[in-house]
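Peer 1: Can you look at this prediction? I've put the sequence above it.
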Amino acid sequence: MTAIVESDHPARYWHAVADGRLQCDLCPRECRLRDGQRGFCFVRRRLGDQLVLTTYGRSSGFCLDPIEKKPLAHFFPGTSVLSFGTAGCNLGCKFCQNWDISKARETDRLTDQAGPEAIAAAAQVSGARSVAFTYNDPVIFTEYAIDVAQACRAVGLASVAVTAGYVNPEGRHDLFAAMDAANVDLKGFTDDFYRKVTGARLGPVLDTLRYLHHETDVWLEITTLLIPGHNDSDAELHAMFAWVREELGPDVPHHVTAFHPDWRMRDVPPTPRATLDRARGIGLEEGLHFVYTGNVVNPTGETTACASCGATLIARDWYTIRSYRLTADGCCPDCGTRLPGRFEAHAGEFGPRRVPVRIGGHT
């Protein structure tokens, strides 16, 4: 039997199957493991008669980021968020832009050690309004993410999941019960794209989006990275935005962001600015109220306008808030329409900085 080490933490969401293997029930992959084997995500492992999470309490690093970088446009604009991830991922995206973390197969990349209370305390000291589970997908470290989120909630901090939403119902319920906001990557809108480019399926992601919007109080925003020639056709964009409007309503913000060549798609050109503008136009044409562009400098595509009267409410320029025109209760000062989201009387002033933060021990 393989020995348990300090960073191994008992995992939830598994059961034994008839052939002696243990099935991980956290995500739709439902990996079946013999002793010593790891799941597709690499970080969930069978040790003897149990499953463990091998990265509990260990991170690839902590940074203060602008909340707009997650991206979240309607969640405490201008504030800072303490961001961190671990290693591994339960998707196999060929275009992954955090591949050095999400594709990591060596836990020696995890150089920072920090328990939940230490992370919450560090976020408080740094002036962060929230903590984000990002860089790789928090689904695969659900137990750790939940414990951190609960520690943050106890001291008045919000928690944000940046996720592909590829998770089964039980884990989905538990993870998002601890979250205050989520940005879900809707990576494309065909099952063919998901199978060939991400190694996953579209259906479970749509289920997560429906669940978040209809069954939780989690503030939801969506991001789609547009990859030239792969998921950026007019037909696919019309279908995706129409689905969002019909299933989730017009007020869920949708970010269309620019791809740059990386990982196993280095032969694909970067997304032109014109593609983002075209996609944003299609989203607005389909009836969505808030469609933003990202990964390019585009003040027009970053501006939040009132859905009723068209007045500019929040003007941004590359993660910097240039103007913030909301009443104390989050309404348009011109017509009184409430802006959907989570807002405070004044915007934060963190700006576009990225500040590394050291927490806990160094391995």
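Peer 2: The structure has been received and is ready for your questions.

Peer 1: Could I get the full set of strands for the stretch 51-200 of the chain?
Peer 2: For the stretch 51-200 of the chain, applying DSSP state E, counting those that start in this stretch gives strands covering 58-59, 62-66, 80-84, 112-113, 130-133, 158-163, 181-185.

Peer 1: remind me which residues of the stretch 51-200 of the chain are low pLDDT?
Peer 2: Residue ranges of the stretch 51-200 of the chain with pLDDT under 70: 98-111.

Peer 1: Please, where are all the helices along it?
Peer 2: Taking DSSP state H, counting those that start in this stretch, the helices of the stretch 51-200 of the chain run over residues 99-102, 116-126, 142-154, 169-177, 191-193.

Peer 1: okay if I get these as TSV plus mean neighbour count and distance to V218?
Peer 2: Any C-beta I mention is one placed from the backbone N, CA and C, and that applies to glycine too. Formatted as TSV, the helices of the stretch 51-200 of the chain follow (neighbours: other CB atoms under 10 Å; distance: least, CB to CB, whole Å):
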stretch	mean neighbour count	distance to V218
helix 99-102	19	23
helix 116-126	19	19
helix 142-154	21	11
helix 169-177	18	5
helix 191-193	12	25
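
Peer 1: can those helices go into JSON lines with extra columns for distance to G36?
Peer 2: Shown next, in JSON lines, are the helices of the stretch 51-200 of the chain (distance: least, CB to CB, whole Å):
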{"stretch": "helix 99-102", "distance to G36": "23"}
{"stretch": "helix 116-126", "distance to G36": "28"}
{"stretch": "helix 142-154", "distance to G36": "20"}
{"stretch": "helix 169-177", "distance to G36": "23"}
{"stretch": "helix 191-193", "distance to G36": "33"}
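
Peer 1: Okay, and L313 sits in which element?
Peer 2: Assigned by DSSP states H and E, L313 belongs to strand 312-317.

Peer 1: ok, and for that strand, which residues are buried?
Peer 2: The neighbour-count check on strand 312-317 (16 or more other CB atoms under 10 Å) flags L313, I314, A315, R316 as buried.

Peer 1: after it comes which helix or strand?
Peer 2: Strand 312-317 is succeeded, C-terminally, by strand 320-324 (DSSP H and E).

Peer 1: Can you check which of the strands of the stretch 51-200 of the chain gets nearest to R210?
Peer 2: R210 lies closest to strand 181-185 among the strands of the stretch 51-200 of the chain, at 10.9 Å (CB to CB).

Peer 1: Run the chain-centre distance for the closest one.
Peer 2: On the basis of CA atoms, centre = their mean, to the nearest Å, strand 181-185 sits 4 Å off its chain's mean C-alpha point.

Peer 1: Starting from it, tell me which strands it pairs with and how they run.
Peer 2: Sheet pairing for strand 181-185, assigned by DSSP bridges, gives strand 158-163 (parallel), strand 219-226 (parallel).

Peer 1: circling back to that earlier point, specify the stretch among the helices of the stretch 51-200 of the chain that is closest to R46.
Peer 2: That would be helix 142-154 among the helices of the stretch 51-200 of the chain, by CB to CB, at 15.6 Å.

Peer 1: And the contacts of the closest one?
Peer 2: 9-13, 26, 53, 55-57, 86, 116-117, 119-120, 123, 130-131, 133, 138, 158-159, 161, 167, 171, 174-175, 178-180 (CB atoms under 8 Å, 6 or more residues apart in numbering).

Peer 1: Tell me if I'm right that G61 and V355 touch.
Peer 2: No: between G61 and V355 there is no contact under CB atoms under 8 Å: 11.6 Å.

Peer 1: out of those two, which sits in the busier spot?
Peer 2: G61 (17 against 13; other CB atoms under 10 Å).

Peer 1: Which parts of the stretch 251-363 of the chain are strands?
Peer 2: Counting by DSSP E, counting those that start in this stretch, the strands of the stretch 251-363 of the chain are 254-258, 291-294, 304-305, 312-317, 320-324, 355-357, 361-362.

Peer 1: Give me whichever of these is most buried.
Peer 2: strand 254-258 (a mean of 24; mean count of other CB atoms under 10 Å).

Peer 1: Quick check: mean pLDDT of it?
Peer 2: Across strand 254-258, the average pLDDT comes to 97.

Peer 1: Please name every helix or strand in contact with that strand.
Peer 2: strand 219-226, helix 273-285, strand 291-294 (3 or more CB pairs under 8 Å, 6 or more residues apart in numbering; DSSP states H and E).

Peer 1: can you redo these as TSV with mean pLDDT?
Peer 2: Formatted as TSV, the helices and strands packed on strand 254-258 follow (pLDDT from 0 to 100):
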stretch	mean pLDDT
strand 219-226	98
helix 273-285	98
strand 291-294	98
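
Peer 1: And those: which comes nearest F343?
Peer 2: strand 219-226 (10.4 Å).

Peer 1: Contacts for whatever helix or strand comes next after that closest one, please.
Peer 2: Per DSSP H and E, the first helix or strand lying C-terminal to strand 219-226 is helix 234-248. The contact list for helix 234-248 (CB under 8 Å, 6+ apart) reads 186, 188-190, 206, 209-210, 213, 220, 222, 224, 252, 254, 278-279, 282-283, 285-288, 291.

Peer 1: Off-centre distance for stretch 334-343?
Peer 2: With CA atoms, centre = their mean, you get 24 Å for stretch 334-343.

Peer 1: same deal with stretch 208-217?
Peer 2: Distance, centroid of stretch 208-217 to centroid of chain: 15 Å (CA atoms, centre = their mean).

Peer 1: Going by neighbour count, which residues of it are buried?
Peer 2: Here stretch 208-217 shows T208, L209, Y211, L212, H213 as buried, counting by 16+ other CB under 10 Å.

Peer 1: Quick check: mean pLDDT of that stretch?
Peer 2: Stretch 208-217 comes out at a mean pLDDT of 98.
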